[in-house]
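Chemist: Provided below for reference: sequence and predicted model.
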Amino acid sequence: MRNLSQQHCYAADAGLEPLKAEEIAELKPQVDDEWHLSENGMVIERLFRFSDYYETLSFVNAVAWIAHSEDHHPDMQVSYNKCLVAYSTHAVDGLSINDFICAAKVDDLLGFDLL
């Protein structure tokens, strides 16, 4: 099986269904431990911290590029030195493989100098 960050998102009309608990349990270890499931299990989210606003916005722009490239868009809460990234697939009213693919791609950003 290919690394999640090497995969591409599926179109929402491609018959995607919400992931079952056992599928989520298989995918969760493939993203950084900092990603957490919401209480209702319908969102995966992670808080990223930075030293200043410039670094935060550089990260936000990189995440926006991923979102545009994959046509899968997270909710983001942005402040001076942090950004909360939350993925959910609204078309399936829960989590899909796309959420984990994009989370893995965001994880990969941390290995690059965004500045």
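Modeler: Yep, that arrived. Numbering: from 1, shown residues only.

Chemist: how about the strands in this structure?
Modeler: 36-37, 44-49, 75-79, 82-87 (DSSP state E).

Chemist: dig out what L47 forms beta bridges with.
Modeler: L84 (DSSP bridges).

Chemist: sorry, back to before: mean neighbour count for the strands of the chain - can I get that in CSV?
Modeler: In this view, the C-beta of every residue, glycine as well, is placed from N, C-alpha and C. Shown next, in CSV, are those (neighbours: other C-beta atoms under 10 Å):
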stretch, mean neighbour count
strand 36-37, 14
strand 44-49, 17
strand 75-79, 13
strand 82-87, 18
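
Chemist: which stretches of the protein have low pLDDT?
Modeler: Along the chain, segments meeting pLDDT under 70 span 1-2, 13-14, 112-115.

Chemist: pull the longest helix from this protein.
Modeler: helix 53-70 (DSSP state H).

Chemist: in that one, what's buried?
Modeler: Within helix 53-70, the residues that count as buried by 16 or more other C-beta atoms under 10 Å are E55, T56, S58, F59, V60, A62, V63, I66, A67, E70.

Chemist: tell me the one of the residues you listed nearest I24?
Modeler: E70 (19.2 Å; C-beta to C-beta).

Chemist: got JSON lines for the strands of the chain, with distance to D107 too?
Modeler: As requested, those are exported to JSON lines (distance: least, C-beta to C-beta, whole Å):
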{"stretch": "strand 36-37", "distance to D107": "14"}
{"stretch": "strand 44-49", "distance to D107": "8"}
{"stretch": "strand 75-79", "distance to D107": "15"}
{"stretch": "strand 82-87", "distance to D107": "10"}
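
Chemist: among these, which is nearest L110?
Modeler: strand 44-49 (8.1 Å).

Chemist: quick one: that closest one to strand 75-79, angle?
Modeler: Per axes from the mean of the first three to the mean of the last three C-alpha atoms, to 10 degrees, the angle that strand 44-49 makes with strand 75-79 is 20 degrees.

Chemist: pull the distance from strand 44-49 to the chain's centre.
Modeler: Here the centre of strand 44-49 is set off from its chain's centre by 9 Å, with C-alpha atoms, centre = their mean, to the nearest Å.
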